[in-house]
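Enquirer: need coordinates for the below:
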Amino acid sequence: MYLKVSEIFYSLQGEGVDVGRPAVFLRLAGCNLRCRCCDTAYAWEGGGEVPLETLQERLKSFPCRYLVVTGGEPLLQARGVAGLLELLSSWEFSLETNATLWEPKLLPRFSLVTASPKLPSARVGPFPHGVFSRYLEILPPRLQVKLVVDGEEDWRVLEELLRRYPSLGNGVPLVVQPLERDEGPLEYLTKSRERAEVFLRKAAQWGRKDVRFLPQFHKLLWWGMRGV
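Expert: Down below sits the predicted model:
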């Protein structure tokens, strides 16, 4: 058995509730979406087929036993991911997914699942309510939701989600992340500051106790670099 791998690296988690935590990242190739402004579009296709045993040895060479499985969309290779987790049974695992796929036997094996369904700015079609609702019903307390926001339509849909899902930001952590358009670090910071001001006004109205606004920390440290 093998996994189709885009890249492997050791770095700091730059997004979500684990921001700043050292981790080994396994980025799998292949995705079922084509989001506008995706910052890892190189992982949509390609990648190399790596046998699980070879991958196990490669991962064990890093000075960390916390594995973040990301993509692309990792759940497209659910069988291979399950096999890898068996080989690394003493590790801690985190998953990053676009929440369009549901693998009930695999998902509970992760200590943290980051569900990142796409808002209108991604231009990938309707919000995946059918699958996303399963994440909210079954996976807490190991779940966080990350929503990437750009313009007014994204904020409007985000607020619709808060009304529809009472646990969102109130039991299930909600991370609001400003869209990065490859504009450069200073412009990204400027736009993030503007969106942070919008977020502060809106969060005061939402009344949810578990919401965060987090720009991509790793981008600020290593702008334009891969494998970090």
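
Enquirer: helices along this structure, start to end?
Expert: Secondary structure of the chain by DSSP state H: the helices cover 52-60, 78-87, 129-138, 152-164, 185-206, 217-221.

Enquirer: of all the residues in the longest one, which ones are buried?
Expert: Neighbour-count burial for helix 185-206 flags Y188, K191, S192, R195, F199, K202, A203, W206 (criterion: 16 or more other Cβ atoms under 10 Å). Where C-beta positions appear, they are placed from N, C-alpha and C, glycine not excepted.

Enquirer: now the residue nearest to the spatial centre of the chain, which residues is it bridged with?
Expert: For the chain, E96 is the residue whose C-alpha lies nearest the centre (Cα atoms, centre = their mean; 3.9 Å). Note on E96: beta-bridge partners by DSSP bridges are T114.

Enquirer: now do the contacts for it.
Expert: Contacts for E96 (Cβ atoms under 8 Å, 6 or more residues apart in numbering) come out as V68, V69, T70, G71, P74, T114, S116.

Enquirer: now with 7 Å, please.
Expert: V68, T70, T114, S116 (Cβ atoms under 7 Å, 6 or more residues apart in numbering).

Enquirer: do C31 as well
Expert: Per Cβ under 7 Å, 6+ apart, neighbours of C31: A43, W44, G71, G72, E73.

Enquirer: again, only using 6 Å
Expert: C31 is in contact with W44, G71, G72, E73, counting by Cβ atoms under 6 Å, 6 or more residues apart in numbering.

Enquirer: now, which of the buried residues of helix 185-206 sits nearest V131?
Expert: W206 (23.8 Å; Cβ to Cβ).

Enquirer: now the closest one: closest residue in space, sequence neighbours ignored.
Expert: Sequence neighbours aside, L162 is the residue nearest to W206 in space, at 5.9 Å (criterion: Cβ to Cβ, 6 or more residues apart in numbering).

Enquirer: okay, now the one you found: neighbour count?
Expert: Residues contacting L162 under the criterion other Cβ atoms under 10 Å number 19.

Enquirer: same check on G184?
Expert: By the criterion of other Cβ under 10 Å, G184 has 12 neighbours.

Enquirer: now swap in S94 and tell me
Expert: 22.

Enquirer: for M1, same thing?
Expert: M1 has 12 neighbouring residues, counting by other Cβ under 10 Å.

Enquirer: repeat that for A78.
Expert: Neighbours of A78 under the rule other Cβ under 10 Å: 15.

Enquirer: now do S89
Expert: When neighbours are defined as other Cβ under 10 Å, S89 has 8 of them.

Enquirer: same check on the one 3 residues further on?
Expert: Under the neighbour criterion other Cβ under 10 Å, E92 is assigned a count of 14.

Enquirer: need the longest strand for the chain.
Expert: Ranked by residue count and defined by DSSP state E, the top strand of the chain is strand 2-12.

Enquirer: buried sites along that one?
Expert: Buried residues in strand 2-12, defined by neighbour count with 16+ other Cβ under 10 Å: Y2, L3, K4, V5, S6, E7, I8, S11, L12.
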